[in-house]
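>>> please find the sequence and the predicted model below.
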Amino acid sequence: MPNNYKKTAIGEHKLQPESLMMGYGYDPKLSEGAIKCPNFQTSTFVFESAEQGKHLFDVSSGRIQLKEGEKAGLVYSRFNNPTVEIAENRIAIWDNAQDCIVTGSGMSAISTTLLALSKPGDVIVYSEPIYGGTDTLINGMLTQMNIKAVGFISSEGTKGLEEALKTASEMGNISVVMLETPDNPTNNLVDLVKCRHLIDEISEKQLVRPILAVDNTMLGPLWQQPLNHGADLCLYSLTKYVGGHSDLIGGSCSGNKELIAKIRKIRNCIGTTMDSHTAWLILRSLETLKIRMQASAIGAKQVVDYLNTHQQVTRIDYPGLLTEGDPQYQIYKKQCTGAGSTFSFEIKGGEKAAFNVLNKLKLVKLAVSLGGTESLAQHPAAMTHSGVPKARRELIGVTDGLIRISIGIEEPADIIADLAQAMNEL
């Protein structure tokens, strides 16, 4: 695309991400003047010559490197596609990253990243609780490849990470430290700056520096930017807030050019690339990302205020309730710009009571996922984290009475009324 469409400033005035989402990386003149980027729904691209085809395959396979300012040509939509590339460029802007890849799902972003950065004998250190699919990948499938794992409870913070790094270093080379902060579903925060320091210290004891990768799905990209606090990689399930309409599945990974090139090579090889139609939907969603996340965060605060006064609610895992006496408060103030709109609350009566509430909801939908325009509620212990052994679930705070709710953009008073009637007879 012409450089005109990659300008990030007007004179000395730097444009903000929400403004750049309206046109960055796209030239209408190349698409019959269409104001919106089309869906380039094609599997392959025509070469101008056999020599060009040879060159482009050498570039896409990594056999030769592009010169500064040179752009990779189009080869095949498993490797690159205009709609996909524009989506990648715009997500990188939100993350303040040099580069980005998009994938077919959040889990494909995580699995592709871990496979690209780990080899048999390596050790992955990860925070708990973490998304159930990630837990299953790390403790199940990757162990079959002799990639080991050491977890630490996120509520133990950097002290827990320090112990985990010590244990892992005795087992082998640490390839990746995989964090989810705030975690899913208990919203514990991990101090990324302190994690970076600990990882740098351990780097002196092994040949390759461990990569700090952060799943930022719960808050990002509006309320937290991990790359600004020492992370090497920022990952998302784009299915959630970025997609935002519960109508697509996608994932992404952002970071510096060198790391992303390494991960992109594996993505292109194993075929976890995002399709062009999903990328087109992502472009649509990025235009309203800020206003959707702001609206849902405002609603979440009102719902939390209601639940905080309910006599049957024993615990609420919501960063906005942190106070100065809590060790996590300083992390929240330093690292986050908002509390988001997905949180968990525990009610008396365990699974039976939780199921009773979920079954009575009328406006809030009983479904997994989060970050959509509609409010969603689910039971982590029986659903998203059901693959985690019960003893571990209890240890990390995923109790039988815990309900996770993602607040959408409905009128907050209506959501509160629905929760009130569902919890009326507890």
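Alright, I've got the coordinates.

>>> ok, M423 touching Y306?
No: judged on C-beta atoms under 8 Å, M423 makes no contact with Y306 at a distance of 10.0 Å. Glycine gets a C-beta too; all of them are placed from N, C-alpha and C.

>>> more neighbours: which of these two?
Neighbour comparison, M423 and Y306: the larger count goes to M423, with 21 against 17 (by other C-beta atoms under 10 Å).

>>> contacting residues for the more buried one?
For M423, the contact set (C-beta atoms under 8 Å, 6 or more residues apart in numbering) comprises 310, 312, 347, 357.

>>> next one: V208
173, 175 are the contacts of V208 under C-beta under 8 Å, 6+ apart.

>>> ok so it is a helix residue?
No: the assignment for V208 is coil, going by DSSP: H, G, I helix; E, B strand; the rest coil, so no helix is present there.

>>> on that earlier part again, filter the contacts of M423 to the buried ones?
312, 347, 357 (16 or more other C-beta atoms under 10 Å).

>>> gap between A168 and G230?
Separation of A168 from G230 (C-beta to C-beta, to the nearest Å): 19 Å.

>>> no, scratch that, I was asking about T273
29 Å.

>>> so which of those two has more stuff around it?
Comparing T273 with G230 by other C-beta under 10 Å, the one with more neighbours is T273, at 23 against 17.

>>> residues touching that one, list them.
77-79, 84, 102-104, 267.

>>> so what sits opposite it in the bridge?
Taking DSSP bridges as the rule, T273 bridges to T103.

>>> per-residue pLDDT of it, please?
The confidence metric pLDDT takes the value 97 at T273.

>>> please renumber so the chain begins at 39
New numbering, starting at 39: the last item is T311.

>>> separation between it and S143?
Between T311 and S143 the computed distance is 11 Å (C-beta to C-beta).

>>> quick check: domain ranges of the chain?
Domain ranges of the chain: 41-98, 120-324, 327-460, per automatic domain parsing.

>>> mean neighbour count, these: which tops it?
Among those, ranked by average contacts under mean count of other C-beta atoms under 10 Å, first place goes to domain 120-324 (a mean of 21).

>>> and it, how far apart are its ends?
With C-alpha to C-alpha, to the nearest Å applied, domain 120-324 spans 16 Å between its terminal residues.

>>> one more: stretch 414-425?
End-to-end distance of stretch 414-425: 21 Å, with C-alpha to C-alpha as the criterion.

>>> so can I have a markdown table of the contacts of T311 showing pLDDT and distance to S407?
Compiled in a markdown table, the contacts of T311 are given as follows (pLDDT from 0 to 100; distance: C-beta to C-beta, whole Å):
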| residue | pLDDT | distance to S407 |
| --- | --- | --- |
| S115 | 94 | 26 |
| R116 | 94 | 26 |
| F117 | 93 | 29 |
| V122 | 98 | 23 |
| V140 | 98 | 18 |
| T141 | 98 | 17 |
| G142 | 98 | 16 |
| R305 | 97 | 23 |
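
>>> out of those, which is nearest to I191?
Using C-beta to C-beta, the shortest approach to I191 within the contacts of T311 belongs to T141, at 28.4 Å.

>>> and that closest one, what does it touch?
147, 150, 288-291, 305, 310-312.

>>> any chance of those in a markdown table, plus distance to V214?
What follows is the contacts of T141, written out as a markdown table (distance: C-beta to C-beta, whole Å):
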| residue | distance to V214 |
| --- | --- |
| A147 | 13 |
| T150 | 12 |
| G288 | 21 |
| G289 | 16 |
| S290 | 17 |
| C291 | 12 |
| R305 | 16 |
| T310 | 17 |
| T311 | 21 |
| M312 | 22 |
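
>>> rewinding a little: just the buried ones among the contacts of M461: which are in helices?
Counting by DSSP state H, the part of those found in helices is V395.

>>> show me which of the buried ones among the contacts of M461 is closest to A377.
Distance to A377, by C-beta to C-beta, is smallest for I385 among those, at 20.6 Å.

>>> tell me the spacing between the closest one and G439.
For I385 relative to G439 (C-beta to C-beta), the value is 5 Å.

>>> between the two, what contacts are shared?
352, 391-392.

>>> I'd say I249 and E296 touch.
No: I249 is beyond contact range of E296, at 11.1 Å (criterion: C-beta under 8 Å).

>>> and the gap between the residue nearest to T310 when sequence neighbours are not counted and G410?
Leaving aside its chain neighbours, T310 sits nearest to S146 (4.0 Å; criterion: C-beta to C-beta, 6 or more residues apart in numbering). Remark: distance between S146 and G410 (C-beta to C-beta) = 20 Å.

>>> please apply the same query to W261.
Counting by C-beta to C-beta - W261 and G410 are separated by 17 Å.

>>> dihedrals phi and psi, the residue nearest to T310?
The phi and psi values for S146, taken as degrees, to the nearest 10, are phi -70, psi -30.

>>> looks like it contacts C291 (just checking).
No: applying C-beta under 8 Å as the test, S146 and C291 come out as separate, 9.8 Å apart.
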